[in-house]
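Participant: The following comprises the amino acid sequence and a computationally predicted model.
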Amino acid sequence: MRANAMARVTGLVAALSLTGSAFVVAFAGPSQAAGCVSYNLSENRRAVVVENGCSDTRRVKVVWTRATDSACTQLDAYGGRLIDSRGYPADFDRIESC
């Protein structure tokens, strides 16, 4: 009986380990946009122009602090642009792949 209980505990620990690993992977940080995607930011950090310099299309969004993020937008290769802005109290945070 004792061996059976030990086997259950070992199985539970293994399951929790796998679940814990999956949990970490599922909540890994956001994907930053590729290095060939550039942006120009206004002086007050409330307007941004994002440009795709990559050889393929990219999907990106603008992430704002204290404001709603932009929609996920497809940028054409070599020059596709996204222009986005927010009013006060928004502040530019980053560009993410989506």
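Facilitator: Yep, it's here.

Participant: Would you mind identifying the next helix or strand past the helix or strand of the chain with the lowest mean pLDDT?
Facilitator: Least confident helix or strand, the chain: helix 2-26 with a mean of 41, by mean pLDDT, DSSP states H and E. Next in sequence after helix 2-26, counting helices and strands by DSSP states H and E, comes strand 37-41.

Participant: Show me what Phe92 is bridged to.
Facilitator: Trp64 (DSSP bridges).

Participant: contacting residues for it?
Facilitator: The contact partners of Phe92, by C-beta atoms under 8 Å, 6 or more residues apart in numbering, come to Leu41, Arg45, Arg46, Val48, Val62, Trp64, Thr65. Every C-beta, even on glycine, is put in place using the N, C-alpha and C of the backbone.

Participant: Most neighbours among the residues you listed, which one?
Facilitator: Greatest neighbour count in the contacts of Phe92, by other C-beta atoms under 10 Å, goes to Val62: 24 neighbours.

Participant: partner residues bridging Arg58?
Facilitator: Counting by DSSP bridges, the residues bridging with Arg58 are Leu75.
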